[in-house]
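model the structure of this input:
(one chain, ligands or ions: 3)
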Amino acid sequence: MKARIAVLPGDGIGPEVVREALGCLDRIADLGGHTFVCQALPVGGAALDACGDPLPASTLEACLASDAVLLGAVGHPRFDANPNPLKPETGLLRLRAGLGVYANLRPAFVHPMLAGASPLREEIVRGTDMMIVRELAGGLYFAEPRSLTAERGVNTLAYARFEVERIARAAFEAARGRRRRVTSVDKANVLESSQLWRTVVKEVAADYPDVALDHLYVDACAMAIVTRPASFDVILTDNMFGDILSDEASVLTGGLGMLPSASLGGAVALFEPVHGSAPDLAGQDVANPFGAILSAAMLLRHALGLAAEAAALEAAVYDVLASGRGTRDLAVPRATLGTAEAGEAVRAALVPRLQGIPA
Ligand SMILES: NC(=O)c1ccc[n+]([C@@H]2O[C@H](COP(=O)([O-])OP(=O)(O)OC[C@H]3O[C@@H](n4cnc5c(N)ncnc54)[C@H](O)[C@@H]3O)[C@@H](O)[C@H]2O)c1
Ligand SMILES: CC(C)[C@H](C(=O)O)[C@@H](O)C(=O)O
Ligand SMILES: [Mg+2]
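Ligands and ions are numbered 1, 2, ... in the order given. Model prediction:
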């Protein structure tokens, strides 16, 4: 097949991890007879420096003309003190809004061989396979009013019925392809927006009698994620809670560098690792590229319909980890791989995994 992929490396470790993910896509294209036309585009701090805008109009236009978008990460502390209200992160939020993506899938899967790679106790982590479905287009990140003066900063937590309904449907559909259980996470004991959330989720559940639904308050969920993670299947939650809970869940899988994401429901889908630009690691060839590589696998599955290739790429990542190798952030026996070496190890494991897939 032929596909156009917009590539937005961004800041910090973004370009380093995206390079390894692209190398994997190249290998899949070469061996499978596919053509992936990749166009690199500026976003975030890199774009702010280059043209004063963290999401240049030309970048968004090119993304909208592509079949999928692969992004590294944005942000750097040097912009924190910048009086310019435009931050690198503004570019990412405008990109998500411009693409219209609202359903952010963040899977946290612990390979049976790798339960010991988490800093948490192995018997707690073993069997963890959850999908956090994070609402991405509304809530505290986008609702109005929002304002900032020297005396007051205002953000609004508001959800409209249609916003809850569509993300709830995304979660129930995801559950149908998994273990048919949705845990909706809110703060309905305090927040009106959460009370609407809970009401609408229950209404949508009536259309999915084959999927079990339960509800947790977000504070209790934060605890349960580290005490009984294997009991979760799909976690359905809002924009802010999903941001926080997904970083927490990443610890189960070995670290923040492991987690991929797919943002769906808009004109073009966006794929990015859950981690940020990690300025503390940038330029040292030590960042974990697996979250970015697993994001490329989600791109193959969700945007290009190449499910077998996606599964092969995921299996190749787990082959490397199961052999005891990994980057230094992972508690594996040989945590000595640099970013580029880790990418190359995945590509080597990918070749046998791709055999047998019809071209
Ligand atoms: N999607 C995104 O682009 C995104 C996500 C989160 C944070 N950010 C931005 O990134 C910047 C830094 O934020 P932060 O430090 O809070 O979060 P971060 O995710 O960049 O880093 C948090 C911690 O995890 C580690 N880490 C992150 N990715 C890793 C990887 N691939 N391999 C190994 N270790 C990794 C870092 O070294 C750091 O200790 C900020 O500007 C923030 O806004 C961007
Ligand atoms: C950088 C920031 C805007 C972003 C978010 O909060 O959505 C990040 O933390 C993430 O998890 O993708
Ligand atoms: Mg985050």
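
tell me which element the residue of the stretch 251-359 of the chain found nearest ligand 1 is part of?
Of all residues in the stretch 251-359 of the chain, the one sitting closest to ligand 1 is residue 276 (2.3 Å; Cβ to the nearest ligand atom). (Glycine included, C-beta is placed from N, CA and C.) Assigned by DSSP states H and E, residue 276 falls within no helix or strand.

show me where the stretch 201-350 of the chain has its helices.
For the stretch 201-350 of the chain, the helices defined by DSSP state H, counting those that start in this stretch occupy 218-227, 239-250, 290-302, 307-322, 339-354.

for the last one, what does the pLDDT average out to?
Read that as helix 339-354. Helix 339-354 carries an average pLDDT of 97.

tilt between that helix and helix 307-322?
Helix 339-354 and helix 307-322 are oriented at 130 degrees to each other (axes from the mean of the first three to the mean of the last three Cα atoms, to 10 degrees).

does helix 339-354 reach ligand 1?
No. Using Cβ under 6 Å from any ligand atom, helix 339-354 never reaches ligand 1; the gap is at least 8.2 Å.

helices and strands around that helix, which ones?
When contacts are defined as 3 or more Cβ pairs under 8 Å, 6 or more residues apart in numbering; DSSP states H and E, helix 339-354 packs onto helix 14-32, helix 290-302, helix 307-322, strand 325-327.

and if you look at the first one?
Applying 3+ Cβ pairs under 8 Å, 6+ apart, we find helix 218-227 packed against strand 181-186, strand 234-237, helix 239-250.

mean neighbour count, those: which tops it?
Mean neighbour count (mean count of other Cβ atoms under 10 Å) peaks for strand 234-237 among the helices and strands packed on helix 218-227, with a mean of 27.

figure out how far that strand is from the centre of its chain.
In this view, strand 234-237 has its centroid 14 Å away from the chain centroid, taken as Cα atoms, centre = their mean, to the nearest Å.

strand partners of it, parallel vs antiparallel please.
Sheet pairing for strand 234-237, assigned by DSSP bridges, gives strand 129-135 (parallel), strand 181-186 (parallel).

can I get the helices and strands packed on helix 339-354 in CSV including mean neighbour count and mean pLDDT?
As requested, the helices and strands packed on helix 339-354 are exported to CSV (neighbours: other Cβ atoms under 10 Å; pLDDT from 0 to 100):
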stretch, mean neighbour count, mean pLDDT
helix 14-32, 22, 97
helix 290-302, 26, 98
helix 307-322, 21, 96
strand 325-327, 23, 95
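
between the helices and strands packed on helix 218-227, which one is closest to residue 313.
Ranking the helices and strands packed on helix 218-227 by proximity to residue 313 (Cβ to Cβ) places helix 239-250 first, at 19.2 Å.

what packs against that closest one?
Counting contacts by 3+ Cβ pairs under 8 Å, 6+ apart, helix 239-250 is packed against strand 103-109, strand 129-135, strand 181-186, helix 218-227.

for that helix, output the C-alpha coordinates as CSV.
Presented in CSV, the C-alpha positions along helix 239-250 are these (Å, rounded to 0.1, in the frame of the first residue of the first chain):
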residue,chain,number,x,y,z
ASN,A,239,-8.9,14.8,29.7
MET,A,240,-7.1,15.8,32.9
PHE,A,241,-7.7,12.6,34.9
GLY,A,242,-6.5,10.5,31.9
ASP,A,243,-3.3,12.5,31.6
ILE,A,244,-2.4,11.8,35.2
LEU,A,245,-3.6,8.2,35.4
SER,A,246,-1.7,7.2,32.2
ASP,A,247,1.6,8.4,33.6
GLU,A,248,0.9,6.5,36.7
ALA,A,249,0.0,3.3,34.8
SER,A,250,3.2,3.6,32.8
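
quickly check: that helix near ligand 2 or not.
Yes. Using Cβ under 6 Å from any ligand atom, we find that helix 239-250 touches ligand 2 at residue 243.

and the angle for that helix with strand 181-186?
Using the same axes, to 10 degrees: helix 239-250 against strand 181-186 is 120 degrees.

heads up, I number from 9, so please use that
Okay, residue one is now 9; in that scheme the one you just asked about reads as helix 247-258.

wondering if helix 247-258 reaches ligand 1 at all.
No. Residues of helix 247-258 contacting ligand 1 under Cβ under 6 Å from any ligand atom: none, with a closest distance of 7.4 Å.

phi, psi for the residue of the chain most remote from its centre please.
Largest separation from the mean C-alpha position in the chain: residue 159, at 34.7 Å (Cα atoms, centre = their mean). Backbone torsions of residue 159, given as degrees, to the nearest 10, read phi -110, psi -20.
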